[in-house]
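Q: Give me a model of this one.
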Amino acid sequence: MEHLPANRSEAKRLPPPPRVVHQSDVDEDDENVKQLDECSALYRLMQDCVVRSNRNWKECQPEVHALRECFEKRKNMQGK
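A: From the prediction side, this is the model:
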């Protein structure tokens with residue numbers, strides 16, 4: 001059950017509701033992301049990591065490497 005603040009001072013102490021990470025970006029670029037085919041989910045994971053880590057790319061290296069591998073595999077498949 002959701003807890004509602006009893007008064008204004010309590011309402012000020014409650015943390016803001018979580019927002020959806022990069023939702024507006026996904027909505028605007030949805031067609032571009034879909035063109036990534038099987039790599040689109042990895043792209044979104046990387047984008048979420050970058051937002052969560054406040055653009056700390058070092059924290060997101062596993063996601064970056066996974067996306068790079070996906071692109072390489074995709075490129076190799078297209079070349080055959």
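
Q: What ranges does the protein have for its helices?
A: 8-13, 23-34, 40-52, 61-79 (DSSP state H).

Q: which parts of stretch 49-64 are buried?
A: When burial is assessed from 16 or more other CB atoms under 10 Å, stretch 49-64 yields the following buried residues: 49, 50, 60, 63. Just so you know, the C-beta spots here come from the backbone N, C-alpha and C atoms, and that holds for glycine as well.

Q: May I ask you to confirm that the second one is in contact with residue 64?
A: No. Checked against CB atoms under 8 Å, the pair residue 50 and residue 64 is beyond contact range at 9.1 Å.

Q: Mutual contacts of those two, please.
A: Residues touching both residue 50 and residue 64 (CB atoms under 8 Å, 6 or more residues apart in numbering): residue 57.

Q: For residue 55, give me phi and psi.
A: Phi and psi for residue 55, reported as degrees, to the nearest 10, are phi 60, psi 30.

Q: do the same with residue 53
A: Per degrees, to the nearest 10, the backbone of residue 53 is at phi -90, psi 10.
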